[in-house]
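Chemist: Whatever this is, show me its structure:
(2 chains)
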2 protein chains.
Amino acid sequence: MNRLLVLEMVRQHRPVSRAEVSKLTGMSATAIGRIVGDLIDGGLVRETDQYSTGVGRRATMLDIDVHSIMSAGIEIDRNRLKIGLVDLDGRIAAQRELELGRSNSRPEAIVETIASAVRKLADEHGIDASKLIGVGVGMPGVMNPEEGTAVFSAQLGWSNVSFAPALREKIGLPVVLDNDLKVKALGESGTASISGDSKTALISIGSGVGSAIVIDGKIFRGANNIAGEIGHSTIDPNGKLCECGKRGCLQTYITDLALLQEAGQIKPVGSVEELYRLMQGGETWAFNIIDRACTYIAITINNVVCTYNPDTIVMAGSFIDIDPDILERVKGKLKEFIWEPFVGTFKLTRSQLGEQAIMIGAAKLALQRYLGNGLQQQ
Amino acid sequence: MNRLLVLEMVRQHRPVSRAEVSKLTGMSATAIGRIVGDLIDGGLVRETDQYSTGVGRRATMLDIDVHSIMSAGIEIDRNRLKIGLVDLDGRIAAQRELELGRSNSRPEAIVETIASAVRKLADEHGIDASKLIGVGVGMPGVMNPEEGTAVFSAQLGWSNVSFAPALREKIGLPVVLDNDLKVKALGESGTASISGDSKTALISIGSGVGSAIVIDGKIFRGANNIAGEIGHSTIDPNGKLCECGKRGCLQTYITDLALLQEAGQIKPVGSVEELYRLMQGGETWAFNIIDRACTYIAITINNVVCTYNPDTIVMAGSFIDIDPDILERVKGKLKEFIWEPFVGTFKLTRSQLGEQAIMIGAAKLALQRYLGNGLQQQ
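Modeler: Numbering: from 1, shown residues only, chains lettered A, B, ... in the order given. Model (predicted):
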């Protein structure tokens, strides 16, 4: 993690001297010297011909070499596969999206597709394949990142698939597999900075409801990597039956499906966008549905704040993405639900990376592994 | 944290060889050699005259010197002050309890009382005061452990009291101040072991409702040390008004006061114990109140499990302590509320340390600080 922190500080403050990095990270000059040495040896950081203008003796400045290494970030979802090659700046240098259907969505087929697409993508964009240091994969469900196993994914119909080892075998690179929301939160989170630490919670509302939290650049996993599954927290023991078999789960109040089912009592509505347009057109019943959803989103934010005490909350998912106005409505309601000691303790934003967040976060996780392994492809 | 882990392994497995400690912690022989050296220099660990019987060359065994150092653990509550001197085994070697009333509950008075009581307690029990390495204090409310400030405590009527610096000044020892539930969870939590890691969540139900989580021996704080304040998570936007001014907070369902208020609609009941006895005596209305409380406690457990994914949940507080039967009732209901992927992921127990938990946890926090500062009283 220290390597990551140093790399991040050089990235954010470049050009920057070793002394400044030491100050920014709170680490000793000796430690910074050693870590910067490793990063220079690995080609990630280089010395520039500039010098710092501060007091004391002139110090050589450091910069990062943004394209020295790259990692691949993969998003696997029910019906699509997204592949991105991501540089040290967290930018996607090359990207491809593929449809998944019956014929190509088995794990073996996806392994084949990813392995050939990554190489092809690098070729097409003139990226030296030897620069690739690893692959990160994010997908919905319960993932075991230590073993690289997809323990259970309802969306893909997978259970106990040893995915990362299979892809590693085929592609010849280290592969890390994790839950999609967890890598998304990692992508969206800033890393630790001079003031310490960022505690970023991501809340996603769309086909399901989930959250993930990243503490100082590290995904909070709990005992089995399923921390943050708030969709099945219970709101009302007498509430509506959830698809999980329990009553009154948070999911039953705010997923797209729940809203459309309610709307169906008045008339068939095909999407939450359509429902939103109906509300804008003056339909009171559509307003009532959207309004209650915003109330429960505000409650969800309060409950996430009470449990995790984050400094940043990133809202994502199809419902939030309909219109910026949704988050404004939620903010309006929040005043009613946030407990006083938490007022002003966090900032609430929409996703910054949008459709690219999972790819970028998965690639960042692969980079973390690489740095954690001493810049070796273990 | 590594020093703490090594000390903990020696404590749990004594007598134990350096090689075994290296295996237990997953740390290198070099690192273990260095850390054990520090601990021996500090007098916490000593070499015994036993030798390991394993294969390879004979290895000197290590033991801890349980009484080489001690820390003081203090619990401050609305109407009492508890002071314990705690050894390296986490056992209380000497203890005193004092009543707090109008005359002696101001911060300055409490500082005086603690400083003199700690010295006196050591004297009376023949404990060399120079063995004391620090003081840990746990009290209810929002605490800032970095600055040692009691930011806000409704129970004590304090706000922005710079308590730890004042006590440090008076007692001449490092002082760490933290929220009572957080140190309680630290006291109850095991520390990381061979399989890695324990993720212990404490849920307390009594005059209030709160939780705290300790990850691998480290308190999870969030951005402002108020993570875990689930008492004010919202259950029902149309629910009963809470003392905080919001509607339908979890607190309004399961605090002692909430239960007694409900009971009061039938007849005046003085305590939750009395309510419980009425239920045992066959009063259906008392059963209904207790039963609904158990339902909401089961929901609370599910919601804590969904968010933190702990491997251990410790239940504490006056309501849980009425009778072991309460937790059995809660367990019975839990089947209805735990989401399937979480079944079997955690064990649920009652507090092991009971009335001593805050003292022991606060003393443990002081010990963590001491070890973190390189065995210096910084």
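Chemist: top helix in chain A by residue count?
Modeler: If you go by DSSP state H, chain A has its longest helix at helix A:284-308.
Chemist: Can you check what angle separates whatever helix or strand comes next after it from helix A:284-308?
Modeler: Next along the chain after helix A:284-308, taking DSSP states H and E as the criterion, comes strand A:312-316. With axes from the mean of the first three to the mean of the last three Cα atoms, to 10 degrees applied, the angle from strand A:312-316 to helix A:284-308 works out at 140 degrees.
Chemist: Could you confirm whether strand A:312-316 reaches chain B?
Modeler: No. Strand A:312-316 stays clear of chain B (Cβ under 8 Å from any Cβ of the partner chain), getting no nearer than 8.6 Å. The way it works is simple: take the backbone N, C-alpha and C, and place the C-beta from them, glycine included.
Chemist: What ranges does the stretch 201-350 of chain A have for its strands?
Modeler: Under the criterion DSSP state E, counting those that start in this stretch, strands of the stretch 201-350 of chain A are mapped to A:209-215, A:218-219, A:312-316, A:347-350.
Chemist: scratch that, the stretch 51-200 of chain A is what I was asking about
Modeler: Under the criterion DSSP E, counting those that start in this stretch, the stretch 51-200 of chain A carries strands at the ranges A:60-64, A:70-76, A:80-86, A:92-99, A:132-139, A:142-144, A:149-153, A:158-162, A:175-179, A:199-205.
Chemist: By mean pLDDT, show me the worst of those strands.
Modeler: The weakest mean pLDDT among the strands of the stretch 51-200 of chain A belongs to strand A:60-64, with a mean of 90.
Chemist: Please look at residue A:299 and residue B:238 and confirm they touch.
Modeler: No. Judged on Cβ atoms under 8 Å, residue A:299 makes no contact with residue B:238 at a distance of 11.3 Å.
Chemist: of those two, who's got more company?
Modeler: Regarding residue A:299 and residue B:238, a neighbour count based on other Cβ atoms under 10 Å in any protein chain shown identifies residue A:299 as having more, with 25 against 7.
Chemist: now that one: how far from residue B:173?
Modeler: Separation of residue A:299 from residue B:173 (Cβ to Cβ, to the nearest Å) stands at 45 Å.
Chemist: Excluding chain neighbours, give the residue nearest to the most centrally placed residue in chain A in space.
Modeler: Nearest to the mean C-alpha position of chain A, by Cα atoms, centre = their mean, lies residue A:184 at 1.1 Å. Nearest non-adjacent residue to residue A:184, counting by Cβ to Cβ, 6 or more residues apart in numbering or on different chains: residue A:357, 4.6 Å away.
Chemist: mind checking which helix or strand the one you found is in?
Modeler: Taking DSSP H and E as the definition, residue A:357 sits inside helix A:357-372.
Chemist: Packing partners of that helix?
Modeler: Under the contact definition 3 or more Cβ pairs under 8 Å, 6 or more residues apart in numbering or on different chains; DSSP states H and E, helix A:357-372 sits against helix A:2-13, strand A:70-76, strand A:80-86, strand A:92-99, strand A:132-139, strand A:175-179, helix A:180-188.
Chemist: any weak-confidence spans in the stretch 101-250 of chain A?
Modeler: Along the stretch 101-250 of chain A, the parts satisfying pLDDT under 70 run over A:191-197.
Chemist: In contact with the residue in it that chain B sits nearest to, which residues?
Modeler: Closest contact between the stretch 101-250 of chain A and chain B, by Cβ to the nearest Cβ, is at residue A:222 (2.4 Å). Shown in contact with residue A:222 (Cβ atoms under 8 Å, 6 or more residues apart in numbering or on different chains): A:228, B:199, B:308-310.
Chemist: Now do the residue lying closest to it once chain neighbours are set aside against residue B:341, distance only.
Modeler: Closest residue to residue A:222 apart from its sequence neighbours, by Cβ to Cβ, 6+ apart: residue B:309 at 2.4 Å. Note on residue B:309: its distance to residue B:341, by Cβ to Cβ, is 10 Å.
Chemist: same check, this time on residue A:297
Modeler: As judged by Cβ to Cβ, residue A:297 and residue B:341 stand 23 Å apart.
Chemist: How many residues are close by the residue nearest to residue A:222?
Modeler: Residue B:309 has 24 neighbours, counted by other Cβ under 10 Å.
Chemist: show me the contacts for it.
Modeler: Listed by Cβ under 8 Å, 6+ apart, the contact partners of residue B:309 are A:221-229, B:199, B:342, B:345.
Chemist: how about a cut-off of 6 Å?
Modeler: Residues counted as contacts of residue B:309 (Cβ atoms under 6 Å, 6 or more residues apart in numbering or on different chains) are A:222-224, A:226-227.
Chemist: In contact with residue A:35, which residues are there?
Modeler: Residue A:35 makes contacts with A:3, A:6, as judged by Cβ under 6 Å, 6+ apart.
Chemist: now residue A:258
Modeler: Counting by Cβ under 6 Å, 6+ apart, residue A:258 has contacts residue A:252.
Chemist: list residues touching both of residue B:309 and residue B:341?
Modeler: Common contacts of residue B:309 and residue B:341, defined by Cβ under 6 Å, 6+ apart, comprise residue A:226.
Chemist: what does chain A put close to chain B?
Modeler: Contact residues, chain A versus chain B (Cβ under 6 Å from any Cβ of the partner chain): A:142, A:199, A:222-224, A:226-227, A:229-230, A:232-234, A:237, A:244, A:295, A:299, A:302-303, A:306-309, A:311, A:337, A:339, A:341, A:345.
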